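Asker: Provided below are the primary sequence and the corresponding predicted coordinates.
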Amino acid sequence: MQDEVAAKIEAIAARVAASEGMEVVEVAVKGGGAARLVRISIDKPEGVTHGDCESISHQVGTILDVEDVVPGGRYTLEVSSPGVERKLARPGDFVRFQGKKIKVELREPIGGRRNWEGTLASFEDGRVTLETGGQAPLRVALEEIRKASLKFEW
C-alpha cells in the first residue's frame, strides 16, 4: 500500500519539480496514521535553495490534499535537498556525476569486498566503471549495486 502511495506522490512531485526546473531524487513514505511522514528530496544543477523546498512543498502539499492521495489525510510533508552525499540510483545519476568521488555497496562481494570507493569513471551500457586508485577499475552492472552515493571530501 505504501509503495503505491509513494509512486503516486513521486509522479505528482516529479511533475511539479519539472515545471520548476528541478528533479525528484527520492520519495519515501514512512509510518502510518497521524505519524505518517512523506519525505521528498529534490535537486537541480545549481543546488537547491530554501525557497525551492518551500515552493515544492506548498505545490505538492496542495495537490496531495486536493486529490486525497495520502490515506487518512494526516501526514507531515518534508521537502529537502539530497545533501552533499546524495544517493545515486538512476542511470542519469551515474552519467551526470562522472568524474566525482562515489561510494558503492554491492549486492554480492567482488574480491571479497562489498564496499568500494573511487572516482566514477563512466556509465555505459548499464555498467558503472569505478576508478579505485592503483587497482584495476571496478566494472559492475547497475543492478549489482545495492546502493551508491556521492562521497564528500573534506
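Answerer: Nice, I can see it.

Asker: Just give me the residue right at the centre of this structure.
Answerer: Central residue of the chain (C-alpha atoms, centre = their mean): residue 25, 3.5 Å from the mean position.

Asker: what residues are up against it?
Answerer: By C-beta atoms under 8 Å, 6 or more residues apart in numbering, the contact set of residue 25 is 41, 42, 43, 82, 86, 87. Every C-beta, even on glycine, is put in place using the N, C-alpha and C of the backbone.

Asker: Most neighbours out of the residues you listed, which is it?
Answerer: Neighbours here are counted as other C-beta atoms under 10 Å. On that basis the top member of those is residue 42, with 26 neighbours.

Asker: how close does the residue of the chain most remote from its centre get to residue 110?
Answerer: Among residues of the chain, the one most distant from the C-alpha centroid is residue 134; the distance is 29.7 Å, by C-alpha atoms, centre = their mean. Taking C-beta to C-beta, to the nearest Å as the measure, residue 134 falls 16 Å from residue 110.
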